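**Student:** Structure for this input, please:
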Amino acid sequence: MFKQVHFGPDAVEFVRACLAKGNHLAQAITRLPLESGRVFAFLGADAHEDAAKRFAVGGVTSTRTTQPLLANLIAGHLSDKTLTGSCALFEDALANPADPCVTPYLRWLRTFDNEVYYCLQADDSAPASILSVIRQASSHLFLAALTSGLSKATCHEPAFVEADFSRLAAKARYVVVGAYDGEGHLIWQRGESP
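**Tutor:** Numbers count the residues shown, from 1 in each chain. Alright, predicted model coming up:
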């Protein structure tokens, strides 16, 4: 069993601190009005709420609990028929485009200079695909943006241009950062009025 726990301004500050360490996607997201959204996490039903507020400390939850729940959230976003060009964009903080570890992910690989991103779209909503990409992108800095507005032309280009990041960040419905020492995530959700 699990529970969805909502947090206050401290969680928004943690999200901002994580984004400050990221690449171009993260920097574009920092320009969003994050304070107008809400932040939550998926935690085990037995997680203590006081411990859950220590976002950088492990032992609160486990990837066995959180990754499938995050994959379900992403699958729901990708399958949302009300969105045009829905996508889940992951920033891989450790990979380089020439690294052999990205070879199994070439289908989803997008780059910007030496930055590596994985871009899942509506036809990639199978939980196994999503979990595979979550695990590949997990590192000291985990970042994913669930957004929309990705044109067919852009989704088939191997590289992003700088303007793509601002455009995709502006339409982000959810932003996911790593928390709990890599064992879980904080999920920012856009408020009703962007």
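**Student:** Quick one: the helices in the protein, in order.
**Tutor:** Using DSSP state H, the helices of the chain run over residues 9-20, 24-29, 49-52, 63-78, 127-137, 152-156, 162-170.
**Student:** so can I have JSON lines of those helices showing distance to Leu120 and mean pLDDT?
**Tutor:** Any C-beta I mention is one placed from the backbone N, CA and C, and that applies to glycine too. Formatted as JSON lines, these follow (distance: least, C-beta to C-beta, whole Å; pLDDT from 0 to 100):
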{"stretch": "helix 9-20", "distance to Leu120": "20", "mean pLDDT": "97"}
{"stretch": "helix 24-29", "distance to Leu120": "14", "mean pLDDT": "96"}
{"stretch": "helix 49-52", "distance to Leu120": "28", "mean pLDDT": "90"}
{"stretch": "helix 63-78", "distance to Leu120": "6", "mean pLDDT": "94"}
{"stretch": "helix 127-137", "distance to Leu120": "6", "mean pLDDT": "94"}
{"stretch": "helix 152-156", "distance to Leu120": "10", "mean pLDDT": "62"}
{"stretch": "helix 162-170", "distance to Leu120": "13", "mean pLDDT": "93"}
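**Student:** Test of understanding: give the bridge partners of the residue most central in space within the chain.
**Tutor:** With distances taken as C-alpha atoms, centre = their mean, the residue of the chain nearest its centroid is Ala144 (1.7 Å). Under the criterion DSSP bridges, Ala144 forms beta bridges with Phe90, Val176.
**Student:** What of Leu186?
**Tutor:** Beta-bridge partners, per DSSP bridges, of Leu186: Val177.
**Student:** I figured it hits Arg16, correct?
**Tutor:** No. Using C-beta atoms under 8 Å, Leu186 makes no contact with Arg16, being 10.8 Å away.
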